[in-house]
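K.L.:
Coordinates for the following, if possible.
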Amino acid sequence: MLDGPDGERLRQELEHILGRALKARAPRRQVKRMVRLIGAHYDEVVLLKDVSSSGVRLLVRGDTPFDLRDTTDMTLVVKLPSGPRRLRVVVVRLCGQDGPHLDLACRFAAESEGIEAHLAEIRSYMFGKA
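P.N.:
Numbers count the residues shown, from 1 in each chain. Coordinates of the predicted model:
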């Protein structure tokens, strides 16, 4: 609704009613890099849309079978100049569609070893800084 024709007016009314309870989300750096998502019955190249300290957003082809019930243990493979990095992820939410792609939110699995170092390297490669 906020993106609709009356979105700005609605946003202003909500800010007036809710006041400081609403916090603007930090600006996102949109990325579209190709990575591989591997699961029990899924192995496809997908687009990495966003990286945060707790997870990633991915764009998955909508015409490829993808069973959301079978996504509790997946591996994201990111090719970096120093070699591929493998990060265990869990799909937590279907965020909608972006054209012909499904927009998925994933969290890093708690067991991922050295996740901080991997994320610093991925960010440095993608954004040119750590």
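K.L.:
Which residue lies nearest the spatial centre of this protein?
P.N.:
When Cα atoms, centre = their mean is applied to the chain, the residue found nearest the centroid is R57 (0.9 Å).
K.L.:
Tell me the buried residues in the helix or strand that contains that residue?
P.N.:
Under the criterion of DSSP states H and E, R57 resides in strand 55-61. Residues 55-60 are the ones in strand 55-61 that count as buried (16 or more other Cβ atoms under 10 Å). To be clear about C-beta, it is placed using only N, CA and C from the backbone, and glycine gets the same treatment.
K.L.:
Need the per-residue pLDDT for G39.
P.N.:
Note for G39: predicted pLDDT of 87.
K.L.:
pretty sure it is touching T71, no?
P.N.:
Yes - counting by Cβ atoms under 8 Å, G39 touches T71, with 6.1 Å between them.
K.L.:
still on that earlier bit, for the strand holding R57, give me every contacting residue.
P.N.:
Residues outside strand 55-61 that contact it (Cβ atoms under 8 Å, 6 or more residues apart in numbering): 32, 35, 37, 44, 46-50, 66, 76, 89, 92, 95, 98, 100-108.
K.L.:
same question, stretch 109-120
P.N.:
Residues from elsewhere that reach stretch 109-120 (Cβ under 8 Å, 6+ apart): 51, 53, 73, 85, 87-90, 108, 130.
K.L.:
Counting only helices, which of those make the cut?
P.N.:
Assignment to helices by DSSP state H places none of the contacts of stretch 109-120 there.
K.L.:
Those: which two are farthest apart?
P.N.:
D73 and A130 (28.6 Å; Cβ to Cβ).
K.L.:
and these two? which has more neighbours close in?
P.N.:
Taking other Cβ atoms under 10 Å, D73 and A130 do not tie; D73 has more neighbours (13 against 10).
K.L.:
what residues are up against the more buried one?
P.N.:
D73 makes contact with 39-40, 88, 90, 109 under the criterion Cβ under 8 Å, 6+ apart.
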